[in-house]
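**Student:** Output the structure for:
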Amino acid sequence: MLNRHGTETLAQPIAAPAPAPTAGPAHTPAPAPPLATPLASTYLKLVAVAFLWGGTLIAGRILATTMPHLVAATGRFIVGSALLLILAWKIEGGLPRLKPNQMLATALLGVTGIFLYNICFFGALEVLPAGRTALIIALNPIVTALAMAVLFRERLAALRWAGIALALVGAAVVITRGDLSAALSASIGRGELLMFGGVCAWAAYTIIGQRALRNLSPIAATTYASLWGLLFLSVGGATEWRDIVWSAFDWRAVASIVYLGALGTVVGFVWYYEGVKKIGPARTAVFNNLVPVFGVTLAALLLGESILASMLIGGAMVIAGVTLTNRR
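**Tutor:** Okay, the predicted model is just below:
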């Protein structure tokens, strides 16, 4: 069971009575295996979040090319918000009443991480391949770390900066198939600018989330942010309702909305917030470098794209960079 701080709570053990003596030789019981540390559990969850968000690139690409963007995002957060409300009721007995400052913080979370990010996310995926979009998303830890350093004077050791750089280069190797010069020489268009705007919105969401989580559980903060975001998206989505092509709304679109809402939103956001609260926004954001690795891998498995040597080499670099950045 998770407590309000996002960590596991264990019941105090009850002392067992001493065993009766036996006539046989003394037997020393084997030591119990060590329990996983809360920090290790946090890292595993953040890796799982990166995997789920790698899948959102495929689901988002399907929706971005078949239906209006605000309608797609609204559908995502109808599913996500409903599941989050159920989760909050089952685990925490409902949502706490917000103070004015908490209401402002969660509204800002809804504007940045839900409303603005999804506008940029779907807009970019309409004109960009999922792989190139994933490469731009990998800039998130750089933007987050720089914002924390400039705005809050959070100091990062040289070793962690090296880890961020290594992970980012590894992500670039994966997406560009080993030809880094192609990424540097390619022109920057509307899609790239939209996704970079999404990266900035997500960095703001991450930093604001650290402040909002001081007095709110990850589930409560995520639920309120999703509800605020759904409100803003619904207003925009109402203007696009007439543009829906219902013949394109097939099972793949429905499955994509459910995936984005249930896994990409509920599981992903709650576990991401737990990471922000446990290890801080800059170190949590580094795990976003795994998103393009998983995105390309899932594209190969689900869409039949080939797995190249550059994917294996770049993936190893990303994992090494994440490990290096999170060393104490």
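
**Student:** contacts and neighbour counts: CA atoms only from here.
**Tutor:** Noted.

**Student:** Counting neighbours, show which residues of stretch 168-177 come out buried.
**Tutor:** The neighbour-count check on stretch 168-177 (16 or more other Cα atoms under 10 Å) flags 168, 169, 170, 171, 172, 173, 174, 175, 176, 177 as buried.

**Student:** State the mean pLDDT of that stretch.
**Tutor:** Per-residue pLDDT over stretch 168-177 has a mean of 74.

**Student:** residues making contact with that stretch?
**Tutor:** For stretch 168-177, the external contacting residues (Cα atoms under 8 Å, 6 or more residues apart in numbering) are 131-132, 134-135, 138-139, 178-180, 182-183, 289-290, 292-293, 296, 308, 310-318, 321.

**Student:** from these, which ones fall inside helices?
**Tutor:** 131-132, 134-135, 180, 182-183, 290, 292-293, 296, 310-318, 321 (DSSP state H).

**Student:** Separate out the buried members of these.
**Tutor:** Neighbour-count burial (16+ other Cα under 10 Å) is assigned, among these, to 131-132, 134-135, 183, 290, 292-293, 296, 310-311, 313-318, 321.

**Student:** Residue 287 is in contact with residue 46, isn't it?
**Tutor:** Yes: assessed by Cα atoms under 8 Å, residue 287 is found in contact with residue 46 at 6.5 Å.

**Student:** Specify which residue of those two has the higher count of neighbours.
**Tutor:** The neighbour count for residue 287 versus residue 46, taken as other Cα atoms under 10 Å, is higher for residue 287 (29 against 25).

**Student:** which SS state does the more buried one fall under?
**Tutor:** helix (DSSP: H, G, I helix; E, B strand; the rest coil).

**Student:** Likewise for residue 216?
**Tutor:** Using three-state DSSP, the structure places residue 216 in coil.

**Student:** can you pull the pLDDT of it?
**Tutor:** 83.

**Student:** same deal with the one 5 residues further on?
**Tutor:** Note for residue 221: predicted pLDDT of 87.

**Student:** For the closest residue to residue 94 other than its chain neighbours, give me its contacts.
**Tutor:** The spatial neighbour of residue 94 that comes closest, neighbours along the chain excluded (Cα to Cα, 6 or more residues apart in numbering), is residue 88 at 5.2 Å. Residues counted as contacts of residue 88 (Cα under 8 Å, 6+ apart) are 94, 95, 219, 220, 223.

**Student:** Count residues in the vicinity of the closest residue in space to residue 220 that isn't next to it in sequence, would you?
**Tutor:** Spatial nearest neighbour of residue 220, chain neighbours left out: residue 95 (6.0 Å); criterion: Cα to Cα, 6+ apart. By other Cα under 10 Å, 16 other residues sit near residue 95.

**Student:** okay but residue 259 is in contact with residue 58, surely?
**Tutor:** No: counting by Cα under 8 Å, residue 259 stays clear of residue 58, with 10.3 Å between them.

**Student:** where does the protein have low pLDDT?
**Tutor:** 1-37, 175, 177, 180-189, 212-213, 303, 305-307, 326-328 (pLDDT under 70).

**Student:** From the contact counts, what lies against the biggest helix by length in the chain?
**Tutor:** For the chain, the longest helix by residue count, based on DSSP H, is helix 38-64. If contacts are counted by 3 or more Cα pairs under 8 Å, 6 or more residues apart in numbering; DSSP states H and E, helix 38-64 sits against helix 69-92, helix 117-127, helix 130-137, helix 251-259, helix 268-279, helix 290-303.

**Student:** Touching the second one from outside, list them.
**Tutor:** Think helix 117-127. Contact with helix 117-127 is made by 57, 60-61, 63-65, 69-70, 73, 133, 190-192, 194-195, 197-199, 201-202, as judged by Cα under 8 Å, 6+ apart.

**Student:** just so I have it, where are all the strands in the stretch 101-250 of the chain?
**Tutor:** With DSSP state E, counting those that start in this stretch as the definition, the stretch 101-250 of the chain shows no strands.
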